[in-house]
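Chemist: give me a model of this one.
(one chain, ligands or ions: 2)
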Amino acid sequence: MKPTIALTKGRVEKQFLKFFASLSYDVEPLINKGRKLRVETDDFLFVFAKGVDVTTYVEHGIADLGIVGEDILAEFQPDVYNLFPLPFGECRMALAKEKGKEWPEGKRRIASKYTNITKEYFKQKGESVEIFKLEGSVELAPILGLADGIVDIVETGTTLKENGLVVTDEFMHFSARCIANRSSLKIKRNELAKVIEAFQRGLTVK
Ligand SMILES: Nc1ncnc2c1ncn2[C@@H]1O[C@H](COP(=O)(O)OP(=O)(O)OP(=O)(O)O)[C@@H](O)[C@H]1O
Ligand SMILES: O=P(O)(O)OC[C@H]1O[C@H](OP(=O)(O)OP(=O)(O)O)[C@H](O)[C@@H]1O
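Modeler: Ligands and ions are numbered 1, 2, ... in the order given. Next up is the predicted model:
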C-alpha cells in the first residue's frame, strides 16, 4: 500500500508542493486536484486538512507522514515523531501590543489562537494573564479593545505594522516539519525510508 501523507492546506501546501517538485516527484495531480481532499499520485496517497487535523490523522495512524507547522506541534503536543524541519514556513511566535501604548499595571489581557503557548509563556514569567481565544485576525483584538496585546505568529511583520502593533518579545522560532506516526515508522520502514531520504536530500541541496 502507498504511504499516506497528510498535508496542511493553504500556505504550507503551496510551499510544500514547490519543495516536493524540486525533489522530482510528480506534483501535477496535486496542483490540479480542484476541491478534492484525497489525491493519489504514483507514489503516495495525499490527504489535505487543517494543521491540527493533520496531527490527529498522523497520531491515529490514518496518515503515515504529516506536513505541519511547528507552531501546531508546540500548541497541541500530539503524540507523533517530529522527524525534521522542512525548508519553508519559517516564522516566530511573538508577544505584541499597540505602538505607543504601555502594558497595563495589573493582569494583562492577551488574545491568541495559541492559548496553550500563551498560558505557558506567562506561567514561565510567573505572571497571571487573561487569555481570549480567537481563530484568526488576532491583530484586531487590541485595536478593538478586547485585549492589551496578542501572542501570534510573525513572519515579515507586515500584519503587525499595518495594524499599528509592535513586538515586545519574540520567544519561539518555527518552520514546517515532517512528522510521522510512531508505528508506521516500524511497519512501513522501507516505503517511508525512501521519501524521508528524498526530503532530507532536498534539505541538504538547499
Ligand atoms: N505569516 C506566516 N508566515 C509563515 N508561516 C506561517 C504564517 N502564518 C502561518 N504560517 C504557518 O502556516 C501554517 C498554516 O497557516 P495558514 O495561514 O495557511 O492556515 P491557518 O492559520 O490555519 O488559517 P486558515 O484558518 O486560513 O486555514 C501555520 O500553522 C504556520 O505554521
Ligand atoms: O508577519 P506577517 O508576514 O504579516 O505574517 C503574520 C500573519 O500571518 C498569519 O496570519 P494568517 O495569514 O494565517 O491569517 P489569520 O489571521 O487568519 O490566521 C499570522 O496569524 C499573522 O496574522
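Chemist: from the chain's centroid, how far away is the longest helix along the chain?
Modeler: Determined from DSSP state H, the single longest helix within the chain is helix 189-205. Taking the mean of its C-alpha atoms, helix 189-205 sits 21 Å from the chain's own mean (Cα atoms, centre = their mean, to the nearest Å).
Chemist: restricting to C-alpha, output that helix in CSV.
Modeler: Once non-C-alpha atoms are left out, helix 189-205 reads as follows in CSV (Å, rounded to 0.1, in the frame of the first residue of the first chain):
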residue,chain,number,x,y,z
ARG,A,189,10.0,1.3,7.3
ASN,A,190,11.1,0.6,3.7
GLU,A,191,8.4,2.7,1.9
LEU,A,192,8.9,5.6,4.3
ALA,A,193,12.7,5.5,4.2
LYS,A,194,12.7,6.4,0.5
VAL,A,195,10.6,9.5,0.9
ILE,A,196,12.3,10.6,4.1
GLU,A,197,15.7,10.2,2.4
ALA,A,198,14.4,12.3,-0.5
PHE,A,199,13.1,15.0,1.8
GLN,A,200,16.5,15.0,3.6
ARG,A,201,18.4,15.2,0.3
GLY,A,202,16.2,18.2,-0.5
LEU,A,203,17.2,19.8,2.8
THR,A,204,20.9,19.4,2.1
VAL,A,205,20.6,20.6,-1.5
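Chemist: Leu95 in helix, strand or coil?
Modeler: strand (DSSP: H, G, I helix; E, B strand; the rest coil).
Chemist: report the central residue of the protein.
Modeler: Nearest to the mean C-alpha position of the chain, by Cα atoms, centre = their mean, lies Gly69 at 2.0 Å.
Chemist: dump the residue contacts of that one.
Modeler: Thr8, Val12, Gly51, Gly89, Cys91, Phe174, Ser175, Ala176, Arg177 (Cβ atoms under 8 Å, 6 or more residues apart in numbering). For every residue, glycine as well, the C-beta is placed using N, CA and C.
Chemist: that one pairs with what?
Modeler: On the basis of DSSP bridges, Gly69 is bridged to Ala176.
Chemist: so whatever helix or strand Lys119 lives in, near ligand 2 or not?
Modeler: Assigning secondary structure by DSSP states H and E places Lys119 in helix 115-125. No. Figure legend: helix 115-125 not in contact with ligand 2 (Cβ under 6 Å from any ligand atom); closest approach 12.7 Å.
Chemist: residue numbering should commence at 747 henceforth.
Modeler: Renumbered: residue one is now 747, and that last one reads helix 861-871.
Chemist: right, is that helix up against ligand 1?
Modeler: No. Helix 861-871 lies out of reach of ligand 1 by Cβ under 6 Å from any ligand atom, never closer than 11.9 Å.
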